[in-house]
Structure formats: structure tokens, C-alpha cells
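In: Below are the sequence and a predicted model; questions follow.
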Amino acid sequence: MANAELGERGILRRLRGEDCPVCERGELELGTYKGNRAVVCDSCDTPRAQLW
């Protein structure tokens, strides 16, 4: 679990707030994707990164 926590603080938090590269309308936010912690677009729900 420690690695997942480090990843969340690192990768996921760094991506949070970035513009979505897929739809260019939304912004990336912390959330879940298929049950995993992830950064997803608030407009199109496309994941940018996820942790298993």
C-alpha cells in the first residue's frame, strides 16, 4: 500500500488540474477508473493515469 500512496501523492496529484489531452474541454481531477485510483477528465471521463 505504501507504493500506491506514494504514487497518488506523486503522479496523480501532479496531473490533477491539467487540461484533458483527449477532449481539450475538461480538466483532470482525482477520482476512480474501473475501481482504481486515477486522474480522469471531468468532462469526458477519460483516464490519464491510474494506480493498480
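Out: That came in fine, so what should we check first? Residues are numbered from 1 along each chain as shown.

In: could you pull out the helices for the protein?
Out: Ranges of helices in the chain, per DSSP state H, are 2-7, 13-15.

In: Tell me the bridge partners for L51.
Out: As for beta bridges, L51 partners with R37 under DSSP bridges.

In: Just checking, which helix or strand of this protein averages the lowest pLDDT?
Out: Counting by mean pLDDT, DSSP states H and E, the chain has its least confident helix or strand at helix 2-7, which shows a mean of 51.

In: Any idea which residue is closest to the centre of this structure?
Out: Geometric centre of the chain, nearest residue: V39, 0.8 Å, by C-alpha atoms, centre = their mean.

In: pretty sure it contacts A49?
Out: Yes - under the criterion of C-beta atoms under 8 Å, V39 makes contact with A49 at 5.1 Å. (Glycine included, C-beta is placed from N, CA and C.)

In: any shared contact partners between those two?
Out: With contacts taken as C-beta atoms under 8 Å, 6 or more residues apart in numbering, V39 and A49 have 11-12, 15 as neighbours in common.

In: Which of the residues you listed sits closest to K34?
Out: Taking C-beta to C-beta as the measure, K34 lies nearest L12 of these, at 15.0 Å.

In: can you put the shared contacts of V39 and A49 in JSON lines and add neighbour count?
Out: Output for the shared contacts of V39 and A49, formatted as JSON lines (neighbours: other C-beta atoms under 10 Å):
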{"residue": "I11", "neighbour count": "15"}
{"residue": "L12", "neighbour count": "21"}
{"residue": "L15", "neighbour count": "16"}
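
In: and the residue nearest to D19 when sequence neighbours are not counted, what does it touch?
Out: With sequence-adjacent residues excluded and distances taken as C-beta to C-beta, 6 or more residues apart in numbering, D19 is closest to E27, at 6.3 Å. The contact partners of E27, taken as C-beta under 8 Å, 6+ apart, are 17-20, 41-43.

In: Looking at those residues, state which has the most neighbours.
Out: Per-residue neighbour counts (other C-beta atoms under 10 Å) across the contacts of E27 peak at C41, which has 22 neighbours.

In: Next up, the contacts around that residue.
Out: Neighbours of C41 in contact, by C-beta under 8 Å, 6+ apart: 20, 22-23, 26-29, 47-48.
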